[in-house]
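Asks: coordinates only, sequence not included:
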């Protein structure tokens, strides 16, 4: 084996070590969230090493690939990424961040999350990307089994807070795996059962957590799938069977019937608009240019608030204009440019579609979606990297 292939193999091993460690950590992340929201305990035991090993493997993957991939991506992509990481690093240091504090360093405002964005440079290898799709199948089945186990062991609770405490991590990861996998498996006849099963689990998790934005995303995914289906009659029949099946489960299981009731009771309750209105009324124009840093906050009633659901505003607020422009160029401008090309392959259309959903989600379409060191961000970044690689090399 020559040196080139050896390095590629090492990169792949490190990448999938990082992804699998992070996948296994989803169980502990979910249990940690439940313990925190229920008992106020936010501590981690030995399972924290799964997260640590995952991040180390991802970091090594990025450092090994970023320079190897420089001839496979447009220079503007490298420039935007490096400028983004450099600016956020300066923002982190000058706003009082402690590089030795791993909690701060790996936070969404920290340097670590944005170093992990460098995973977009691993997607040029066809064989690696093919195994990435296999990993996604394994991942969705693993999360589905954890979800079913929790249904049997816990149920969904008596109000939305309990459901979110027990299922939010699973639901958020599924919403960024299922649409891509559901659509790309369309051409794999032997895997149709996987396709339908993971969609059903994704929808059920959205119902259980009473998250309207997730249901909207699954609906948009079905519209995209319907548009690319030739035999629309069979599609209507299959969709009807699916709706009847989910309806039967809702009527005959306490878990889903109580969740649907709670979802309906939420009605048109809109707290996000109020939050943004309060936030915008207190904006400092200079902070929007330079970024407010780690400790920026605003008044929300009688409390200090450090977060806002619109991720573009949030990034602009704490990170400044340059990170927003760089990340929007990478995740918004270039995928849209790719989507406007003629004669795109179906797979490329699906990849661009998922990235458009991500773009909208960051605007506030999907709650709990942000840039982070969680599994779903790594997955979206790798898909983004595939589109940027195709665009750089005029591959449709």
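Replies: Looks like it arrived, so ask away. Keep in mind it's a predicted model, so treat the numbers as computed, not measured.

Asks: What is the least confident helix or strand in this structure?
Replies: Taking mean pLDDT, DSSP states H and E as the measure, the chain has helix 254-266 as its least confident helix or strand, at a mean of 58.

Asks: Quick one: name whatever helix or strand follows that helix.
Replies: Where DSSP states H and E defines the elements, the next helix or strand beyond helix 254-266 is helix 272-280.

Asks: and residue 33, what is it in contact with?
Replies: With contacts defined as CB atoms under 8 Å, 6 or more residues apart in numbering, residue 33 is in contact with 165, 168, 169. C-beta here means a position set from N, CA and C on the backbone, and glycine is covered the same way.

Asks: who touches whichever strand or helix holds the second one?
Replies: It refers to residue 168. Using DSSP H and E, the secondary-structure element containing residue 168 is helix 160-175. Residues from elsewhere that reach helix 160-175 (CB under 8 Å, 6+ apart): 26, 29-30, 33-34, 37-38, 139-140, 143, 146-147, 150, 154, 156-157, 198, 201-202, 205-206, 208-211, 214, 217-218, 259, 262, 266, 366, 368-369, 374-376.

Asks: I'd like to know which of those residues are buried.
Replies: Among the contacts of helix 160-175, the ones that count as buried by 16 or more other CB atoms under 10 Å are 26, 29-30, 33-34, 37, 139-140, 143, 146-147, 150, 156-157, 198, 201-202, 205-206, 208-211, 214, 217-218, 259, 262, 366, 368-369, 374-376.

Asks: so of those, which ones are in helices?
Replies: Assignment to helices by DSSP state H places the following of these there: 26, 29-30, 33-34, 37, 139-140, 143, 146-147, 150, 198, 201-202, 205-206, 208, 214, 217-218, 259, 262, 375-376.

Asks: what bits of the stretch 201-350 of the chain have low per-residue confidence?
Replies: Counting by pLDDT under 70, the stretch 201-350 of the chain has low-confidence residues at 232, 234, 242-243, 245-272, 301.

Asks: which residues in it form strands?
Replies: Assigned by DSSP state E, counting those that start in this stretch, the strands in the stretch 201-350 of the chain fall at 298-300, 303-305.

Asks: Neighbouring strands - and their directions - for the first one?
Replies: Under the criterion DSSP bridges, strand 298-300 sits next to strand 303-305 (antiparallel) in its sheet.

Asks: Compute the distance from the centre of the partner strand to the centre of its chain.
Replies: How far strand 303-305 lies from its chain's middle: 26 Å, per CA atoms, centre = their mean, to the nearest Å.

Asks: which residues sit against that strand?
Replies: Here strand 303-305 makes contact (CB under 8 Å, 6+ apart) with 275, 279, 297, 298, 299.

Asks: The helix or strand hosting residue 351 versus helix 160-175: what angle between them?
Replies: Secondary structure from DSSP H and E places residue 351 in helix 346-360. Here helix 346-360 points in a direction 150 degrees away from that of helix 160-175 (axes from the mean of the first three to the mean of the last three CA atoms, to 10 degrees).

Asks: residues of helix 346-360 that come out buried?
Replies: Residues of helix 346-360 classed as buried by neighbour count (16+ other CB under 10 Å): 347-360.

Asks: quick revisit: quick one, which of the strands of the stretch 201-350 of the chain is packed in tightest?
Replies: Greatest average neighbour count among the strands of the stretch 201-350 of the chain goes to strand 298-300 (a mean of 16), per mean count of other CB atoms under 10 Å.

Asks: circling back: among the strands of the stretch 201-350 of the chain, which comes closest to residue 57?
Replies: strand 303-305 (34.4 Å; CB to CB).

Asks: residues of stretch 36-49 that come out buried?
Replies: 37, 44.

Asks: how distant is that stretch from the center of its chain?
Replies: When C-alpha coordinates are averaged (CA atoms, centre = their mean), stretch 36-49 and its chain have centres 22 Å apart.

Asks: ok so, going back, could I get the buried residues of helix 346-360 as TSV with distance to residue 93?
Replies: Output for the buried residues of helix 346-360, formatted as TSV (distance: CB to CB, whole Å):
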residue	distance to residue 93
347	41
348	39
349	41
350	40
351	35
352	36
353	38
354	34
355	31
356	34
357	34
358	29
359	29
360	33
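
Asks: Residue 339: which of those residues is nearest?
Replies: For the buried residues of helix 346-360, with residue 339 as the reference and CB to CB as the criterion, the closest is residue 352, at 4.2 Å.

Asks: OK, contacts around that closest one?
Replies: Residues near residue 352 by CB under 8 Å, 6+ apart: 335, 336, 338, 339, 344, 387.

Asks: Can you tell me which of these are buried?
Replies: With neighbours counted by 16+ other CB under 10 Å, these contain buried members at 335, 338, 339, 344, 387.

Asks: From these, which land in helices?
Replies: The helices in this structure, assigned by DSSP H, contain 335, 338, 339, 387 from those.

Asks: who's in contact with residue 288?
Replies: Residue 288 makes contacts with 316, 317, 320, 321, as judged by CB under 8 Å, 6+ apart.

Asks: Nearest residue to the last one in space, please, no chain neighbours.
Replies: Distances taken as CB to CB, 6 or more residues apart in numbering place residue 289 nearest to residue 321, at 5.3 Å, with adjacent residues excluded.

Asks: Please look at the one you found and residue 323 and confirm they touch.
Replies: No. Counting by CB atoms under 8 Å, residue 289 stays clear of residue 323, with 11.5 Å between them.

Asks: So these two - more neighbours on which side?
Replies: In this view residue 289 and residue 323 are compared by other CB atoms under 10 Å, and residue 323 has more residues nearby, 22 against 11.

Asks: I'd like the distance between the more buried one and residue 371.
Replies: Applying CB to CB, to the nearest Å, one obtains 10 Å for the distance of residue 323 from residue 371.

Asks: so what's in contact with these two at the same time?
Replies: Residues touching both residue 323 and residue 371 (CB under 8 Å, 6+ apart): 114, 315.

Asks: Alright, calling it a day.
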